[in-house]
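K.L.:
sequence first, then the predicted structure:
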Amino acid sequence: MHAVTGFWLALPPQMRDPVLFAIPFFLLLLTLEWTAARKLERLEAADRPASGAYLARDSMTSISMGLVSVATTAAWKTLALLGYAAIYAYLAPWHLWVGQWYTWVIAILGVDLLYYAYHRIAHRVRLIWATHQAHHSSQYFNFATALRQKWNNSGEILLWIPLPLLGLPPWMVFFSWSLNLIYQFWVHTERVGKLPRPVEFVLNTPSHHRVHHGMDQEYLDKNYGGIFIVWDRLFGSFQAETFRPHYGLTKQVDTFNIWNLQTREYVAIARDWRSARRLRDRLGYVFGPPGWTPRPAAVTGDSVRVASSM
């Protein structure tokens with residue numbers, strides 16, 4: 001722990017990512033949850049369905065994806081820093097002072113609102129879904145699943161451009177982004193039930209996020225919020241948890257290969273693009289919602305006559 005703390009403090013203040021400091025706590029909570037899950041499963045009555053809280057190979061896959069994500073996210077942030085710094089320095093009409101409390105409120109709420117927007121787009125546009133689907137590919141829901149992160153952060157980086165344009169320093173954008181990610185770790189668990197109603201009304205909780213990871217029809221494309229669930233309540237995407245979800249994708253994947261999990265949907269998009277004959281169908285496969293298929297070509301009177309004469 002001291003080594004991690006020393007490394008973190010040795011970094012320039014703008015590059016001190018809280019996620020790096022939080023990793024030991026992630027691993028501690030993951031271990032505690034795994035131990036509790038094993039104990040509780042042994043105590044469950046025989047007539048109750050097993051929770052299926054953990055599968056060792058699945059968890060190792062999630063952790064491996066998370067470790068790679070630390071490196072890829074750092075690379076994306078370095079790239080974004082150049083663009084954000086230029087926007088902040090040359091385009092922002094004013095610079096918000098970090099010493100004011102309201103600047104932090106703007107940063108945290110702004111990151112979370114734009115995360116909601118990105119997250120909703122990621123579930124409705126297949127090209128973005130190709131990046132995000134890896135996080136949903138596990139059929140288990142636990143702290144390890146929280147670490148099953150994407151390797152392509154380009155969508156979020158583009159969507160947060162309004163923040164430096166509003167006058168938020170780039171390092172504050174990144175810091176708020178990391179706080180948002182850290183918060184979302186603890187909502188990936190089945191070991192926390194519903195919390196008091198005021199908390200459930202305002203904040204994203206394990207109950208709300210279980211719904212988001214559910215593949216059940218009632219739960220699909222619901223509860224996109226990061227820290228706050230109020231965005232879902234305001235924009236009509238909220239769904240309360242009414243039964244234990246079934247987790248994973250609507251078409252489950254049968255692999256623990258982290259490269260395949262990250263790239264499989266991109267490969268599927270390329271395959272569908274090549275198979276399409278019309279440009280609009282090709283665009284639909286890329287920018288339509290996941291599962292989009294083209295409508296059959298309309299049958300005209302001339303084509304009917306031609307077909308009947310053959």
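P.N.:
Yep, that arrived.

K.L.:
list the contacts of stretch 228-241.
P.N.:
109, 112-113, 116, 120, 194, 200-205, 207-208, 210-211, 218-219, 221-225 (C-beta atoms under 8 Å, 6 or more residues apart in numbering). Placement of C-beta: from N, CA and C, glycine included.

K.L.:
quick one: mean pLDDT for it?
P.N.:
Taken as a whole, stretch 228-241 carries a mean pLDDT of 98.

K.L.:
what's the answer for stretch 142-154, then?
P.N.:
91.

K.L.:
contacts for that stretch?
P.N.:
Contacts to stretch 142-154, defined as C-beta under 8 Å, 6+ apart, come from residues 26, 29-30, 33-34, 37, 53-54, 58-59, 61-63, 65-66, 68-69, 72-73, 76-77, 131-132, 134-135, 137-138, 184-190, 213, 262.

K.L.:
and with 6 Å instead?
P.N.:
Outside of stretch 142-154, the residues within contact range by C-beta atoms under 6 Å, 6 or more residues apart in numbering are 29-30, 33, 53-54, 59, 62-63, 65-66, 69, 72-73, 76, 131-132, 134-135, 138, 185, 188, 262.

K.L.:
inside helices: which ones of those?
P.N.:
Among the contacts of stretch 142-154, the members found in helices (DSSP state H) are 29-30, 33, 59, 62-63, 65-66, 69, 72-73, 76, 131-132, 185, 262.

K.L.:
would you state the helices of the stretch 51-200 of the chain in chain order?
P.N.:
Ranges of helices in the stretch 51-200 of the chain, per DSSP state H, counting those that start in this stretch, are 56-90, 101-124, 126-132, 143-146, 154-159, 162-165, 170-185, 197-202.

K.L.:
identify whichever of those helices lies nearest to residue 294.
P.N.:
Closest of these to residue 294 is helix 126-132, at 13.0 Å (criterion: C-beta to C-beta).

K.L.:
which secondary structure elements does that closest one contact?
P.N.:
helix 101-124 (3 or more C-beta pairs under 6 Å, 6 or more residues apart in numbering; DSSP states H and E).

K.L.:
again, only this time at 7 Å
P.N.:
Judged by 3 or more C-beta pairs under 7 Å, 6 or more residues apart in numbering; DSSP states H and E, helix 126-132 is in contact with helix 101-124, helix 258-275, helix 279-287.

K.L.:
what does the strand or helix carrying residue 210 rub up against?
P.N.:
Counting by DSSP states H and E, the element that carries residue 210 is helix 206-213. For helix 206-213, the surrounding residues in contact (C-beta atoms under 7 Å, 6 or more residues apart in numbering) are 136, 141, 187-190, 192-194, 200, 219, 222-224, 229, 239, 241, 245, 247.

K.L.:
sort out for me which of those residues are in strands.
P.N.:
Nothing among the contacts of helix 206-213 maps onto strands, per DSSP state E.

K.L.:
among those, the buried ones, what's the ChimeraX command?
P.N.:
Entered in ChimeraX, the line below selects the buried ones among the contacts of helix 206-213, by 16 or more other C-beta atoms under 10 Å:
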select :136,141,187,188,189,190,200,219,222,223,224,229,239,241,245,247
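
K.L.:
low-confidence stretches in the protein?
P.N.:
Counting by pLDDT under 70, the chain contains low-confidence ranges at 1-52, 297-310.

K.L.:
phi, psi of residue 97?
P.N.:
phi -80, psi 130 (degrees, to the nearest 10).

K.L.:
equivalent analysis for residue 216, please.
P.N.:
Per-residue torsions, residue 216: phi -70, psi 150 (degrees, to the nearest 10).

K.L.:
could you check how far it is from residue 245?
P.N.:
Distance of residue 216 to residue 245, computed by C-beta to C-beta, to the nearest Å: 6 Å.

K.L.:
circling back to that earlier point, what's the most distant pair in the ones in helices among the contacts of stretch 142-154?
P.N.:
33 and 76 (28.6 Å).

K.L.:
this completes my enquiry, with thanks.
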